[in-house]
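Enquirer: Turn this into a model:
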Amino acid sequence: MPVLALLLNLFMLLSACQPEEVATTAPALKLGQILGADNTEGFERALTPRPFVFPADHGAHPKFRNEWWYVTGNVADKNGRFYGYQLTFFRTATRPPLDDNNARSRWALGDVWMAHVALTDIDGGKHYSQQLLSRAGPGLAGATLNPFTVWLEDWSLTATGNDFPWHINVKGNIFSLTLELSPLKPMVQQGNKGLSHKSPGNASYYYSYSRMATTGSLSLGGRQLPVEGLSWFDREWSTSVLDRNQSGWNWLSLQFNSGEELMYFELLDRDQRADSNSQGKWIDKNGHGHTLGLSDIKLTVLKRWTGPDGQHYPIRWQLDYPGANNSWIVAATLDDQFMDMAVRYWEGAVIIYHTDNMQEAGRGYLEMTRTQ
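Expert: Below is the predicted model:
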């Protein structure tokens, strides 16, 4: 079924659902149909490196088919109780953009917007998630500048102007987030000067703020809790990233107590093996990025969890970085941090341990997707 038809059907189904019903009522969209190399005519492609321009690149890129604004973090309350959180805004175009002389009605379904929010109460052993989905117009969702704002209904990531700090404001059915984010390091260009190659002819433009001071509050169970910690912001846009021989990815964003970070994604072939396009970035204490390839990182699965989709998700790993003489255990804080949404995936908070003594080395996030 063409991507347009899938998105239209999904939009119609979700329009009839209350937000809390989305996870159980909505059919699953397959990532391969959204992020694959089919139906790309009329869109721009990520083919060569380009300079990033700010604040413009924080805003939307309507000439590309897909993009997302993605924040994850680990925060703690005054009692030392940790929480992991995720907020992601997705934009997917249903058709190529028109030029200014052929503008569509504000009501036209040109873009589908989807937002996911999740909270992991680690000590409480609970993972909560919610989804919103909407057309862009008129004014229901979008990304603008002056001030920088990404929103879907009343969920937002915004700035006072176009600069930092940024503010997260989400009021969910079970929990709410009110957070302020300020980068502690410069922006990092992922891949080759911001061009993140995923498969032959398929790539994205990708940058990150890998360490952001985070303060504010969350509400859960009728309690308003002041929290502070660290967040990670990823920004990516593309028209196609996966080819037909790829079945998803395992993605890690790790923040070490030493002041360093590691982003690494393991792209998977149809047999769930890491393919040659797997890559990442080691970010030193001064914010300098060092590009990593498949031969630089070794991931060994130690434990798997089976999701409601029947897929097996690794939730405990040994991660070896021989070039830096480092080895860690990366373990999910909860086995079940599954996002049972219109697009199904595993996304959750992890703790990093030194392999030799099992002392905590940091915290981070793990995302695992499967297209089949």
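
Enquirer: Can you name the residues bridging to M339?
Expert: According to DSSP bridges, Y345 are recorded as the beta-bridge partners of M339.

Enquirer: Contact partners for it?
Expert: By Cβ atoms under 8 Å, 6 or more residues apart in numbering, the residues touching M339 are 116, 118, 129, 345-347. Heads up, the C-betas are built off the backbone N, CA and C, glycines and all.

Enquirer: G222 now?
Expert: G222 touches nothing, counting by Cβ under 8 Å, 6+ apart.

Enquirer: So what sits opposite F90 in the bridge?
Expert: Counting by DSSP bridges, F90 is bridged to W68, M114.

Enquirer: I'd like the distance between it and Y70.
Expert: Separation of F90 from Y70 (Cβ to Cβ, to the nearest Å) stands at 9 Å.

Enquirer: do the same with S253
Expert: To Y70, S253 is 9 Å away according to Cβ to Cβ.

Enquirer: shared neighbours of the two, anything?
Expert: Listed as contacting both S253 and Y70 by Cβ under 8 Å, 6+ apart are D234.

Enquirer: so L218 touches L119, yeah?
Expert: Yes - contact status for L218 versus L119: in contact at 6.9 Å, counting by Cβ atoms under 8 Å.

Enquirer: Which one's more surrounded, these two?
Expert: Taking neighbours as other Cβ atoms under 10 Å, L218 and L119 compare with L119 leading, 25 against 22.

Enquirer: tell me the SS of the more buried one?
Expert: At L119 the chain is in strand, as set by DSSP: H, G, I helix; E, B strand; the rest coil.

Enquirer: Which residues are in contact with it?
Expert: L119 touches 83-85, 127-129, 172, 174-175, 177, 218, 220, counting by Cβ under 8 Å, 6+ apart.

Enquirer: and those residues, which are buried?
Expert: Listed as buried from the contacts of L119 are 83-85, 127-129, 172, 175, 177, 218, 220; burial here means 16 or more other Cβ atoms under 10 Å.

Enquirer: Which of those residues scores worst on pLDDT?
Expert: Comparing pLDDT over the buried ones among the contacts of L119, the lowest score belongs to G172 (94).

Enquirer: That residue reaches H116, doesn't it?
Expert: No - applying Cβ under 8 Å as the test, G172 and H116 come out as separate, 10.7 Å apart.

Enquirer: Need the residues touching each of those two.
Expert: Contacts common to G172 and H116, judged by Cβ under 8 Å, 6+ apart, are Q130.

Enquirer: any shared contact partners between L218 and L119?
Expert: By Cβ under 8 Å, 6+ apart, the residues touching both L218 and L119 are 83, 85, 175, 177.

Enquirer: which ones are touching the last one?
Expert: Counting by Cβ under 8 Å, 6+ apart, L177 touches 85, 87, 117, 119, 168-170, 216, 218.

Enquirer: if you set the cut-off to 6 Å instead, what comes out?
Expert: 168, 170, 218 (Cβ atoms under 6 Å, 6 or more residues apart in numbering).

Enquirer: got it, and the first one?
Expert: Under the criterion of Cβ under 6 Å, 6+ apart, the contact partners of Y83 comprise 75, 121.

Enquirer: can I assume it sits in a helix?
Expert: No - under three-state DSSP, Y83 falls outside any helix and is assigned strand.

Enquirer: So what pairs up with it in the strands?
Expert: V75, D121.

Enquirer: And it, how far from L254?
Expert: Counting by Cβ to Cβ, the gap from Y83 to L254 is 18 Å.

Enquirer: Any figure for the gap between G222 and F82?
Expert: Per Cβ to Cβ, G222 is found 20 Å from F82.

Enquirer: Excluding covalently adjacent residues, which one is nearest to D123?
Expert: Closest residue in space to D123, ignoring its immediate chain neighbours: R81 at 5.0 Å, by Cβ to Cβ, 6 or more residues apart in numbering.

Enquirer: same thing with E367?
Expert: Excluding its sequence neighbours, the residue lying closest to E367 (Cβ to Cβ, 6+ apart) is W251, at 4.4 Å.

Enquirer: Give the burial count for that neighbour, as a bare number.
Expert: Neighbourhood size, W251 [other Cβ under 10 Å]: 19.

Enquirer: Same question for the one 10 residues further on.
Expert: The number of residues packed near E261 is 25, by other Cβ under 10 Å.

Enquirer: show me the contacts for it.
Expert: Contact analysis of E261 by Cβ under 6 Å, 6+ apart lists 210, 255, 283.

Enquirer: Redo the residues you listed as CSV? Include neighbour count.
Expert: Converted to CSV, these look like this (neighbours: other Cβ atoms under 10 Å):
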residue, neighbour count
S210, 28
Q255, 26
I283, 24
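
Enquirer: Just those residues: which are in strands?
Expert: 210, 255, 283 (DSSP state E).

Enquirer: mind listing the helices in the stretch 1-150 of the chain by residue range?
Expert: All helices of the stretch 1-150 of the chain, identified by DSSP state H, counting those that start in this stretch, fall at 3-15, 22-25, 31-35.

Enquirer: Could you pull up the mean pLDDT of the first one?
Expert: In this case it means helix 3-15. So the average pLDDT for helix 3-15 ends up being 40.
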